[in-house]
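*Asks:* Take a look and give me a structure for this.
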Amino acid sequence: MTETTTATNTFSPTAVLAPHDATEPSIPIWLTPDTEPLPRGDGLDSTAKRWLEATRFTSAARKQAIVPGPGGIIGGVVFGLGNGAAGDPSGPSELLIGQLASSLPAGLYHLADETPHPALAAIAWGLGAYRFRRYKSTPSDVAPPRLKLPRGLDYRAIVDQVGAVWKGRDLINTPASDLAPEDLEQAAVQLARTHGASIETTVGDELLAKGFRMIHAVGRASPRAPRLIDLRWRKPGGAKDAPTLTLVGKGITFDTGGLDLKPASAMLLMKKDMGGAAAALTLAELIMSGGLDVRLRLLIAAAENSVSGDAFRPGDVLLSRAGKTVEIGNTDAEGRLVLADALSLADEESPETTLVFATLTGAARTALGPDLPAFFCNDDTFAANLVAEAAAVGDPVWRMPFWPGYERHLESEVADMNNVYESPFAGAITAALFLKRFVKNTRRFAHFDLYGWRPAPRPLGPKGGEPQTARAIFSLLCKELSA
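*Replies:* Predicted coordinates for the structure are as follows:
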């Protein structure tokens, strides 16, 4: 494992979220939709209302105003919701509250108005408060604002959900100098220790002996050994016949492109090529801390796609764990190779649901942009429910098809299949079809093609890593299991 002498993040979700029974005085936040130009809260006195009128406050979305109180202290905050979130982010307007966590002065605040989605408001605040400060040489001397949770919320559950996302963001934001395959393994080991899960790792040449030749081929050029991480958990006292759920994450800790070398500009964000593993780890932590009654398995194929005399080459033919041969049309399409071996292992147990997460194709970004992950699914009901739930929690997704007409794009003259198609068209679909070939026995299968990065600050977080889809899937699983 690599080491660094720099500082770590200086605060946690408990530093920005307070339980409802916190006794210290708190500052009210009034929410104003378009239909109400001034707050409806009774606590806003005439002086404050005149202040808002004099400063020409409007209830436009994300507009905020601090109103003075007696003696020059902050009397409250007025925050405009406009006509809803309007796609920034998608979902209920309470998600916009995350903006306040990064813009208000230090102090304890509370929502003066009842909201339809108080838990979402609290989570939005926690997500908006995140900062990655590991490499700052001095700790921040600015205390973050804190939100006192609305009455009736489970403080521990909210903190756990926010904390899981923060950890996923930390992993993606950490540069490859301090996040090698071994460090991904250590993150999984810590998760297993926290929640009483079992874990087994297959490292280096052991991968060859166990049939994970494609994971080995992708990672063998790096001095940092590739590995397959295999974690298992079930709820203590849970049902013996609880549904089986397997999560598979792409853990390419840095991607040079291999011998099909990326240009320098395309390597600048390749520390995030393990964003799929981060999303899978985040979802696994949400499931375990939330006590969902499932038999959970988490598989992470971790490697660094480097260049050396031992690097795998264009034109090589690799034997997959599934027994199918793959011609290498491009070494920069390595993620689907490591995932194929991990999916083959997952499929041998015929899980009821298999979900795979990967920063897989630029084609998905070209089609949908960075904010909207593409997903492919063989279950129409699950897909429709997920799209709706994702919008409701501000973690959006967009379904794309396993279009069988493009299976021909994977044909090879010398092997069972090629890992790429020479045309630039339908790259995300072709990659999804490649992965689907290694899933035969699972009943419900979905593949998530993520960007894993927020390119600009938004209410739910600053610029940087984001374990996309984890919150949406967790929310849907909670509803499925409680039905």
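*Asks:* Checking Phe79 next. Helix, strand or coil?
*Replies:* For Phe79, the reduced secondary structure class is strand; criterion used: DSSP: H, G, I helix; E, B strand; the rest coil.
*Asks:* So what pairs up with it in the strands?
*Replies:* Leu31, Gln64 (DSSP bridges).
*Asks:* Please compute how far stretch 340-347 lies from its chain's middle.
*Replies:* Taking the mean C-alpha point of stretch 340-347 and that of its whole chain, the gap between them comes to 21 Å (Cα atoms, centre = their mean, to the nearest Å).
*Asks:* Name the residues that touch that stretch?
*Replies:* Identification of contacts with stretch 340-347 by Cβ atoms under 8 Å, 6 or more residues apart in numbering yields 211-215, 228, 230, 246, 248, 297, 299-301, 320-322, 326, 354, 356, 434-435, 437-442. Quick note: C-beta positions are derived from backbone N, CA and C, even for glycine.
*Asks:* Show me which of the residues you listed are buried.
*Replies:* With neighbours counted by 16 or more other Cβ atoms under 10 Å, the contacts of stretch 340-347 contain buried members at 211-215, 228, 230, 246, 248, 297, 299-301, 320-322, 326, 354, 356, 434-435, 437-439, 442.
*Asks:* So which of these are in helices?
*Replies:* Arg213, Met214, Ile215, Phe434, Leu435 (DSSP state H).
*Asks:* Which residue comes closest to the fourth one once chain neighbours are left out?
*Replies:* I take that to be Phe434. In space, Phe434 comes closest to Arg336 once its chain neighbours are excluded; the distance is 5.1 Å by Cβ to Cβ, 6 or more residues apart in numbering.
*Asks:* Please apply the same query to the second one.
*Replies:* Spatial nearest neighbour of Met214, excluding adjacent residues (Cβ to Cβ, 6+ apart): Leu337 at 4.2 Å.
*Asks:* element containing that neighbour?
*Replies:* Here Leu337 is covered by helix 335-347, with elements defined by DSSP states H and E.
*Asks:* gap between the residue nearest to Ala106 when sequence neighbours are not counted and Ala22?
*Replies:* Leaving aside its chain neighbours, Ala106 sits nearest to Ala143 (3.9 Å; criterion: Cβ to Cβ, 6+ apart). Counting by Cβ to Cβ, to the nearest Å, the gap between Ala143 and Ala22 amounts to 15 Å.
*Asks:* more crowded one of the two?
*Replies:* Between Ala143 and Ala22, counted using other Cβ atoms under 10 Å, the more crowded position is Ala22 (15 against 12).
*Asks:* so who does the more buried one touch?
*Replies:* Remark: with contacts taken as Cβ under 8 Å, 6+ apart, Ala22 is in contact with Leu108, Lys148.
*Asks:* Mind pulling the model confidence for it?
*Replies:* pLDDT, the model's per-residue confidence, is 93 for Ala22.
*Asks:* Please apply the same query to Ser423.
*Replies:* The confidence metric pLDDT takes the value 87 at Ser423.
*Asks:* The residue nearest to Ala106 sits in which helix or strand?
*Replies:* Assigned by DSSP H and E, Ala143 belongs to neither a helix nor a strand.
*Asks:* Got the confidence number for it?
*Replies:* Reported pLDDT at Ala143 in the predicted model: 86.
*Asks:* If anything else comes up later, I'll come back, but that's it for now.
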